[in-house]
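Undergrad: Requesting a structural model of the entry that follows:
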Amino acid sequence: MAQNGGIIGPVKCVSTPTTKNTTVTATGCFTRHNCTVSSANVLVIGGGGGSGHGNSDSPAGAGGAGGYRFNTCISISANCSPVVIGGGGSGGTTRDGSTGSNSVFGPLTSNGGGGGGGIGCQSPGGSRNAGLPGASGGGG
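TA: Numbers count the residues shown, from 1 in each chain. Below you'll find the model as predicted:
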């Protein structure tokens, strides 16, 4: 399972007296800090699929969107809740794009999007592949 997704940059945290929102952008272990509750509402988004290979005469299919899961009252361990940030699929260099990787937070898994279908040869009218399956299938 690829673990190369995430955002490079600062983590954005917003707090009010009753709510704490945290963005997790790296694979690893999430530990709750300064928090007395043991559950949370969690949104997990899988990596998107890569586009297929095409050319100006025969465009290829686009990659599908990564799936999402939203659940309330997910148990958050005081020690560690495992996190995997699924990376997006690579674009096809000769044919189909690849499927995105799954993202995980504790018990929740969101599937990656399907890769886009490519063309079978470089000339116009070449065979076209169907998109690959995934959370949202890739275009053909």
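Undergrad: Is the most centrally placed residue in the chain within a helix or a strand, and which one?
TA: Taking Cα atoms, centre = their mean, the centroid of the chain lies closest to G47, which sits 1.8 Å from it. Per DSSP states H and E: G47 is located in neither a helix nor a strand.
Undergrad: which residues touch the nearest residue to T94 once chain neighbours are set aside?
TA: The spatial neighbour of T94 that comes closest, neighbours along the chain excluded (Cβ to Cβ, 6 or more residues apart in numbering), is H53 at 5.7 Å. C-betas here are computed from N, CA, C, even on glycine. Contact analysis of H53 by Cβ atoms under 8 Å, 6 or more residues apart in numbering lists A60, G91, G92, T93, T94, R95, D96, G97, G118, I119.
Undergrad: element containing H53, please.
TA: Per DSSP H and E, there is no helix or strand for H53.
Undergrad: returning to that earlier point: between the contacts of H53, which is closest to A78?
TA: Comparing the contacts of H53 against A78 with Cβ to Cβ picks out G97 as the nearest, at 40.5 Å.
Undergrad: Do I have it right that the closest one meets N129?
TA: No. Contact criterion Cβ atoms under 8 Å: G97 and N129 do not qualify, at 10.0 Å.
Undergrad: shared neighbours of the two, anything?
TA: Taking Cβ under 8 Å, 6+ apart as the contact rule, G97 and N129 both touch G52, G61, G118.
Undergrad: Give me the number of neighbouring residues for the second one.
TA: Here the neighbour count serves as a burial measure; for G61 (other Cβ atoms under 10 Å) it reads 28.
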